[in-house]
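Enquirer: Return a 3D structure for these sequence lines:
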Amino acid sequence: MTVRVGVLGATGAVGQRLIQLLDPHPEFEIAALTASDASVGETYKDAAKWRVNSPIPEDVAGLEVRATDPDSVPDDVGLIFSSLPSSVGAEVEPEFCEAGYTVSSNSSNARMDEDVPLIIPEVNADHVDLLEVQRDERGWDGALLKNPNCSTITMVPPLAALDREFDLTDVRVSTLQAVSGAGYSGVTSMEIIDNAIPHIGGEEQKMESESRKLLGSFDGAEVQLNEMDVAASCNRIPTLDGHLENVWADTAEDISAADAEAAMESVTGIDLPSSPEKLITVFEEPDRPQPRLDRNVEDGMGVAVGGFRETTDGVQFNCLAHNTMRGAAGASVLNGELLNKRGYL
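Expert: Modelled structure (predicted):
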């Protein structure tokens, strides 16, 4: 059965990606779009400065933009996708949950709340049942599910493959992040052209905390954070899309570069429409992956890895994912599919 869905923050960069993915989706039908008060009452075509690299869907262009308020969304909407700024999401998303809506959110607020599942379905789908705890504790008829930060989601699938077989102890990561991760107006051309910015506010902390939650264990009542130590340094560079990351992973068990490649190569997707057949693509070439060449691996939903070499206590490798597809809109859609499959809608 088709699930009618709404998109909060539909005119923004991630909101537009959500619409691009949802319009042809086999399980979801777009029924409601919301944006800021300045856009309410306009058609979506007039309200959104469409910047996605495909035409605006015809059946979405004429929809009227609604207020970002539970009372403005039809009762028959079974799932809400949120791409709101975190300051807005922190206030609005609980209101939707209290009103009975289930929310799959890309916003950074509440990701580390003890009763909010933070999910990459191919990594920790079992954490979705934390929603039962959440509903009991908060008295919600709805529910709130989060996908992680776009830089976190790039490195965690490869790390999960290593942790499962070799037990991670320490992770160090340095990122080279695309400008689209800051939104259309997030970084000016004068800041980023001929430059690199060695700081992205709050990004390091997100990678360090979210990865431990994603790789933690769920006992039916709470998530125990993974005990590995994680340190991140995040940098903005002048690429449009695709976050490239240099990762150093120390393991308790002995590991070779070939072991690491084999562990990642064996990872497959799961039975959800947006999950790729092969989650991790391993490149043998020493100069891959590269953002321009490899960000669209598996239609933008895969993770590319390469550059493996052995270190004193583990391995070093490079990983790459499309930050607005796998790292944002695609991740939210995938979580929505998980909610639908597990009967939470």
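Enquirer: which one is Asp254 nearest to, not counting chain neighbours?
Expert: Once flanking residues are discounted, Asp254 sits nearest to Phe166: 7.9 Å by CB to CB, 6 or more residues apart in numbering. The C-beta positions use only the backbone N, C-alpha and C, and glycine is treated the same way.
Enquirer: can you map out the strands along the stretch 1-150 of the chain?
Expert: Counting by DSSP state E, counting those that start in this stretch, the stretch 1-150 of the chain has these strands, from start to end: 3-8, 28-35, 65-67, 79-82, 102-105, 143-146.
Enquirer: what residues are up against Phe81?
Expert: Contacts here follow CB atoms under 8 Å, 6 or more residues apart in numbering; on that basis Phe81 touches 5-8, 18, 22, 103-106, 332-333, 336.
Enquirer: so can I have CSV of those showing distance to Gly306, neighbour count and pLDDT?
Expert: As requested, these are exported to CSV (distance: CB to CB, whole Å; neighbours: other CB atoms under 10 Å; pLDDT from 0 to 100):
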residue, distance to Gly306, neighbour count, pLDDT
Val5, 36, 25, 98
Gly6, 39, 25, 98
Val7, 35, 28, 98
Leu8, 37, 30, 98
Leu18, 30, 31, 97
Leu22, 32, 22, 98
Val103, 36, 27, 98
Ser104, 31, 28, 98
Ser105, 32, 26, 98
Asn106, 27, 30, 97
Ser332, 27, 27, 98
Val333, 27, 27, 98
Gly336, 31, 31, 98
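Enquirer: Specify which member of those residues is nearest to Val297.
Expert: Val333 (17.4 Å; CB to CB).
Enquirer: Report all helices and strands that the helix or strand hosting that closest one contacts.
Expert: Element membership for Val333, per DSSP states H and E: helix 330-341. With contacts defined as 3 or more CB pairs under 8 Å, 6 or more residues apart in numbering; DSSP states H and E, helix 330-341 has these neighbours: helix 13-22, strand 79-82, strand 102-105, helix 121-124, strand 143-146.
Enquirer: Within the sheet, what are the partner strands of the third one, with directions?
Expert: Strands flanking strand 102-105 in the sheet, each with its direction: strand 79-82 (parallel), strand 143-146 (parallel) (DSSP bridges).
Enquirer: Export these as a markdown table, with columns for distance to Pro158 and mean pLDDT.
Expert: Rendered in a markdown table, the data for the strands paired with strand 102-105 read as follows (distance: least, CB to CB, whole Å; pLDDT from 0 to 100):
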| stretch | distance to Pro158 | mean pLDDT |
| --- | --- | --- |
| strand 79-82 | 26 | 98 |
| strand 143-146 | 21 | 98 |
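Enquirer: Dump those to JSON lines, plus distance to Glu27.
Expert: Putting the strands paired with strand 102-105 into JSON lines (distance: least, CB to CB, whole Å) gives the following:
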{"stretch": "strand 79-82", "distance to Glu27": "9"}
{"stretch": "strand 143-146", "distance to Glu27": "16"}
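Enquirer: Please identify the buried residues of stretch 35-47?
Expert: Neighbour counts using 16 or more other CB atoms under 10 Å place Ala35, Ser36, Ser39, Val40, Tyr44, Ala47 of stretch 35-47 among the buried residues.
Enquirer: what's the answer for stretch 184-191, then?
Expert: Of the residues in stretch 184-191, those with enough neighbours to count as buried (16+ other CB under 10 Å) are Val187.
Enquirer: Stretch 87-104 too?
Expert: Neighbour counts over stretch 87-104 (16+ other CB under 10 Å) mark Val88, Gly89, Val92, Glu93, Pro94, Phe96, Cys97, Ala99, Tyr101, Thr102, Val103, Ser104 as buried.
Enquirer: Would you point out the most distant pair within those?
Expert: Using CB to CB, these reach their maximum pairwise distance at Val88 and Thr102, which is 18.6 Å.
Enquirer: Which parts of this protein are helices?
Expert: Taking DSSP state H, the helices of the chain run over residues 13-22, 44-47, 58-61, 86-98, 121-124, 130-138, 150-166, 189-192, 203-214, 257-265, 291-294, 330-341.
Enquirer: Could you check those helices and tell me which one is nearest Asp229?
Expert: Closest among these, using CB to CB: helix 203-214, at 8.8 Å.
Enquirer: tilt between that closest one and helix 150-166?
Expert: Counting by axes from the mean of the first three to the mean of the last three CA atoms, to 10 degrees, helix 203-214 lies at 40 degrees to helix 150-166.
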